[in-house]
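>>> predicted structure and sequence below. I'll ask about it afterward.
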Amino acid sequence: MNVTFDFDGEHEFKFHHLKPQSRYKVRAQAINEAGMSGMSVPDVIQTTDPWAPDAPTDVQYDCSKDCKVVWNEPNNRGSPIIAYKLILKEIEHTEMKHYSAESFELDLGADNLEVDLSFLKPLTTYEVKLIAVNSIGNSDAHSVVINTSEYVGGGRRNGHSNWLTILLLIIVLLTLLALIVDAVCCLMQRRGFLALICSALFGSNQEEYGDKLEDGLQNDKTENNRLLIDERNSSPVIMNHGERCRNGPHSTPV
């Protein structure tokens, strides 16, 4: 238990980790350059039964990037702190303090005196309530209002990523549209980029195939003419039977 003691109405002393339901005798002594004074008349401090702790003290936050909240351990009022609760509520309208339906509650250990809130949305206002807990109960809430920056939770980076995705999608769609239009021009009018590519890739092959076809036809024609001439030159003389009888038997002169 932590106790604050007022001495002579001008000075204040803080005593930490006192036992509950205990009596303490307090004496003070002044010191300066000349030396020390005598001890004061004893005073008595009576601690009571434990009760719920005080609210966390010296609560500070930094939201220049990811939000971070830090605090100091409060007076536990005779019962050690066993946990902290952090409640987040989004504020939709700051002037009217109209809360969103979305809220978060984080349970933190007794040794946690800071928390990172990187999951918050960028450029948003939140109310943060911090509560200390001991075996007796909960403290009052220490409340602060924070405004997140555009960088919280990687919001800035995600924005750039979204713009790049949209830009790439637009480029892909325009490319597909250009290819469709060019394909239509190639089929209908034999014009366009695809027509040039087809002409470059297949034009020489078609000319070569045409030349080979023409040469083959010419060779076939030449071969047919040659065979026809040979056939005419090699045909035997055929005589009918009547002519052979008129001439009589053929004899070979000796």
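All right, it came through fine.
>>> and residue 105, what does it touch?
For residue 105, the contacting residues are 85, 86, 87, 88, by Cβ atoms under 8 Å, 6 or more residues apart in numbering. C-betas here are computed from N, CA, C, even on glycine.
>>> let's see which of the residues you listed end up in helices.
Among these, no residue falls in helices (DSSP state H).
>>> isn't there a strand covering residue 169?
No - counting by DSSP: H, G, I helix; E, B strand; the rest coil, residue 169 is not found in a strand; it is helix.
>>> tell me how many other residues crowd it.
Neighbourhood size, residue 169 [other Cβ atoms under 10 Å]: 10.
>>> again with residue 54
Residue 54 - counted by other Cβ under 10 Å - has 16 other residues nearby.
>>> and if you look at residue 65?
Neighbourhood size, residue 65 [other Cβ under 10 Å]: 15.
>>> not counting sequence-adjacent ones, nearest residue to it?
Excluding the flanking residues, the one nearest residue 65 by Cβ to Cβ, 6 or more residues apart in numbering is residue 151, at 4.8 Å.
>>> residues touching the closest residue to residue 24 other than its chain neighbours, list them.
Spatial nearest neighbour of residue 24, chain neighbours left out: residue 45 (4.3 Å); criterion: Cβ to Cβ, 6+ apart. Shown in contact with residue 45 (Cβ under 8 Å, 6+ apart): 3, 5, 15, 18, 23, 24, 25, 26.
>>> which ones are touching the first one?
With contacts defined as Cβ under 8 Å, 6+ apart, residue 3 is in contact with 14, 15, 18, 45, 47.
>>> ramachandran coordinates for the last one?
Recorded main-chain torsions at residue 47 are phi -90, psi 150, according to degrees, to the nearest 10.
>>> quick one: contacts for it?
For residue 47, the contact set (Cβ under 8 Å, 6+ apart) comprises 1, 3, 18, 19, 20, 21, 22, 23, 24, 78.
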